[in-house]
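A.B. asks: no sequence on this one, just coordinates:
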């Protein structure tokens, strides 16, 4: 029975030594891992700072993009408004040109078909000439149009009205600005 106890005791001592060896190895591995973790801690902090900096840059770029997008939307609106204004002015010019072409044709017809001495045709010719002359001064031919009301006057009369600071159409009283005055070509 003494031998059996001895063997059992030897086995237990062997197991204790193995456990101590395992514990020693694990303790050494823990120390190595702790040293590695301590060595990598500054690197981790550095990477965290980089991430924070990048996040801040992303935020700044997003703000800049938002501002640029808003500015782009504003410019698109302005371009639409300017395009509408140009289209309106071109339409007004086209209508005036058609009106003047018609008056020229009527004047040509009257001039070509007028026999000398026919008083009614002379009167009609004078009426057509009056249509082409400035209604304000009755001396010069109409050469400019006020886009707001579409009345036409000679350049001299429009310049006088504008320089006197009245800036209202003599025919209807509609206010106008310099950008509302456009030339008409007959």
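C.D. replies: Sure, I can see it. Predicted, not measured: the structure shown is a model, and the values here were computed from it.
A.B. asks: Can you name the secondary structure element that comes next after the helix or strand of the chain with the lowest mean pLDDT?
C.D. replies: Least confident helix or strand, the chain: helix 119-132 with a mean of 82, by mean pLDDT, DSSP states H and E. Following helix 119-132 in sequence order, the next helix or strand is strand 144-146 (DSSP states H and E).
A.B. asks: Contacts made by that following strand with the rest, please.
C.D. replies: 92-93, 96, 151-155, 158, 169, 174, 176, 180-184 (Cβ atoms under 8 Å, 6 or more residues apart in numbering). C-beta: built from backbone N, CA, C; applies to glycine.
A.B. asks: what do you get if the cut-off is 6 Å, keeping everything else the same?
C.D. replies: 96, 152, 155, 158, 169, 176, 180-184 (Cβ atoms under 6 Å, 6 or more residues apart in numbering).
A.B. asks: Could you say which helix or strand holds the residue nearest the centre of the chain?
C.D. replies: Note on the chain: the residue nearest the mean C-alpha position is residue 75, at 1.6 Å, using Cα atoms, centre = their mean. If you go by DSSP H and E, residue 75 is part of helix 2-113.
A.B. asks: Quick one: mean pLDDT over that helix.
C.D. replies: Model confidence over helix 2-113, given as mean pLDDT, is 90.
A.B. asks: Check which helices and strands that helix sits against.
C.D. replies: If you count contacts as 3 or more Cβ pairs under 6 Å, 6 or more residues apart in numbering; DSSP states H and E, helix 2-113 packs onto helix 119-132.
A.B. asks: other SSEs contacting the helix it packs on?
C.D. replies: Short answer (3+ Cβ pairs under 6 Å, 6+ apart): helix 119-132 packs on helix 2-113.
A.B. asks: Tell me what angle the helix it packs on forms with helix 119-132.
C.D. replies: Inter-element angle recorded for helix 2-113 and helix 119-132: 150 degrees (by axes from the mean of the first three to the mean of the last three Cα atoms, to 10 degrees).
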